[in-house]
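> here's a sequence, model it:
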Amino acid sequence: MNIKKLWIGVIALVTMMVLAACSDESDDSSSDNEQGEDEVTVELFNIKVETTDQLDSLIEDYESENEHVNINVTTVGGGQDASSALQAKFSSGDEPSIFLLGGLSDTEKYSEYLLDVSDMESAKTAIDGTLQGATLDGTPYGIPLNIEGFGWMINKDIFERAGVDPSTIDSYDKFVEAVETIDSQKEELGIDSVFAFSAMEDWVVSQFSNHFTAPEFDNDVNVAYEADELQFEYGERMKEYTDLINQYNYQPILSLDYGTSVEELFANDRTAIIHQGNWIVPSLNSIDETFTQEKLGILPLFTDSDDEGYISAGPSWFWGINKEKDDEVVEESKKFIDWMYTSEKGKELIVTDFKYVPAHEGYDIESITDPVSKEVYEMLLDDKGRVWAHNQYPDGFFSTALFPEFQKYLGEKITWEEFEKVAAEKFKEMR
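Alright, predicted model coming up:
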């Protein structure tokens, strides 16, 4: 009898403990948020420093609609080596949930981590051809960030005060003539230099090279990615532009960074021409909103033809999602990217806040407010754009080979022939 009572007591005690535990678990779950959903943290690695504030604002809006989601942003760029910083995160085991891919080289480099995004709404609404830069063997692994175009960004006011109509510059010779005309009036115009090419930045040099390599690679990202050699087919024209820049540039050219070039010189009417793209619009707007509306223009480069000019335009970067994260993190990462590009709020912010040219359907292109972004879009539609071939260079090529050799040439330490020879050899070795 005593044994029976003992067992009844034990069973009662165990039952109370189980009920208490269940009660605790229920309390913990409901404390996460009002809907009883577990909190999920998404780590996002961003390199677009010029739209950091806009991204933070967009994330705040998303988190207000999805209270169980926390998106932490790490931004590296603007003079920092973003590529190395991202690689370091993967090497240390601190991999982000969402990160930006710079083309097929990055896509292959991180392929073991990347999610097939073909079932995502933001992949289905991407403009035809815009997934190509992050697609391997027919499988897309990245959602296009936007469409960006780059070339000569100009201060139209300086041109016009110098008596140069930008719309009449329809050949390489006329571009040279315009540069010389502006330089001859530097003092009257109150400028420091015609150019403010930031040769301290490896990515600026890489983008500059794109104008001359894209036509060599048939203006096709896959041809560029699969190419075993870089022959500098249009190297002579690249040299002519490089010499022109160096002659009329703000000096010392080798230590001129992005901030000085764009935010100090260009934005303050102290230089007429920089090599950049429409991504500088938010930075310029933060300094003077009238600049992009009244002064900012874009000119093409004449590379494989003296009188046919092209800018480089297309998807610049792609959002990759780390499939190795926990399932709930992967799902929330997908939902966030889809919301960014397909929800009404996300679409509004992409155009009005980020000032992006969208790479997705369903947008009112008339809502693009700055003239240069509209011009980039129109030039792309008119086949006046070249692909981002430089994003398909061998991994590390532009930062460890092209860039240092280009700097050596600017510093008069090697000849142009030596620059081409070494860069071509490195391209073949690294491929």
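> tell me how the protein divides into domains.
Domain segmentation of the chain under automatic domain parsing yields 40-146+316-362, 148-313+385-430.
> which of these sits closest to Pro371?
domain 148-313+385-430 (6.9 Å; Cβ to Cβ). (Each C-beta comes from the backbone N, C-alpha and C, glycine too.)
> what about the closest one, distance to the chain center?
Mean C-alpha position of domain 148-313+385-430 versus that of the full chain (Cα atoms, centre = their mean, to the nearest Å) differs by 17 Å.
> what's the first-to-last distance across it?
With Cα to Cα, to the nearest Å as the measure, domain 148-313+385-430 spans 27 Å from end to end.
> so for that domain, mean pLDDT?
For domain 148-313+385-430, mean pLDDT is 96.
> so Arg397 makes contact with Glu425?
Residue 397: Phe, not Arg. No: under the criterion of Cβ atoms under 8 Å, Phe397 is not in contact with Glu425, lying 11.2 Å apart.
> more neighbours, those two?
Shown here are Phe397 and Glu425; by other Cβ atoms under 10 Å, Phe397 has more neighbours (21 against 13).
> leaving out chain neighbours, which residue sits closest to that one?
Sequence neighbours aside, Met430 is the residue nearest to Phe397 in space, at 5.2 Å (criterion: Cβ to Cβ, 6 or more residues apart in numbering).
> could you tell me how many residues sit around the one you found?
Applying other Cβ under 10 Å, we find 14 residues neighbouring Met430.
> correct me if wrong: it contacts Leu402.
No: checked against Cβ under 8 Å, the pair Met430 and Leu402 is beyond contact range at 10.3 Å.
> follow-up on the earlier one: mind checking the domains of the chain for the one nearest to Tyr377?
Once those are compared by Cβ to Cβ, domain 40-146+316-362 is nearest, at 5.0 Å.
> quick one: the helices in the stretch 101-250 of the chain?
104-109, 121-124, 156-161, 172-183, 186-189, 202-213, 221-226, 235-247 (DSSP state H, counting those that start in this stretch).
> Asp288: which of the ones you listed is closest?
helix 156-161 (11.8 Å).
> mind listing what's buried in the closest one?
Neighbour counts over helix 156-161 (16 or more other Cβ atoms under 10 Å) mark 156-159, 161 as buried.
> out of the residues you listed, the closest to Trp339 would be?
Distances from Trp339 to the buried residues of helix 156-161, taken by Cβ to Cβ, are shortest for Lys156, at 37.1 Å.
> from Asp170, how far out is that closest one?
From Lys156 across to Asp170, the span is 16 Å (Cβ to Cβ, to the nearest Å).
> now swap in Phe217 and tell me
According to Cβ to Cβ, Phe217 stands 25 Å off from Asp170.
> more neighbours: which of the two?
Taking other Cβ under 10 Å, Phe217 and Asp170 do not tie; Phe217 has more neighbours (22 against 15).
> how about the more buried one, phi and psi?
Main-chain dihedrals, Phe217, degrees, to the nearest 10: phi -100, psi 30.
> tell me the contacts of Gly362?
Shown in contact with Gly362 (Cβ atoms under 8 Å, 6 or more residues apart in numbering): 125, 342, 347.
> ranking those residues by neighbours, who comes first?
Among these, the one with the most neighbours (other Cβ under 10 Å) is Lys347, at 20 neighbours.
> gap between the nearest residue to it once chain neighbours are set aside and Gly142?
Spatial nearest neighbour of Lys347, excluding adjacent residues (Cβ to Cβ, 6+ apart): Tyr363 at 5.9 Å. From Tyr363 across to Gly142, the span is 19 Å (Cβ to Cβ).
> looking at the two, which is more packed in?
Of the pair Tyr363 and Gly142, Gly142 is the one with more neighbours under other Cβ under 10 Å, namely 30 against 19.
> how about the more buried one, what does it touch?
For Gly142, counting by Cβ under 8 Å, 6+ apart, the contacting residues are 101, 107, 114, 117, 131, 133-134, 318-320.
> what about the closest residue in space to Ile280 that isn't next to it in sequence, is that helix, strand or coil?
Leaving out its chain neighbours, the residue that sits closest to Ile280 by Cβ to Cβ, 6+ apart is Val262, at 5.5 Å. Secondary structure for Val262, judged by DSSP: H, G, I helix; E, B strand; the rest coil, is helix.
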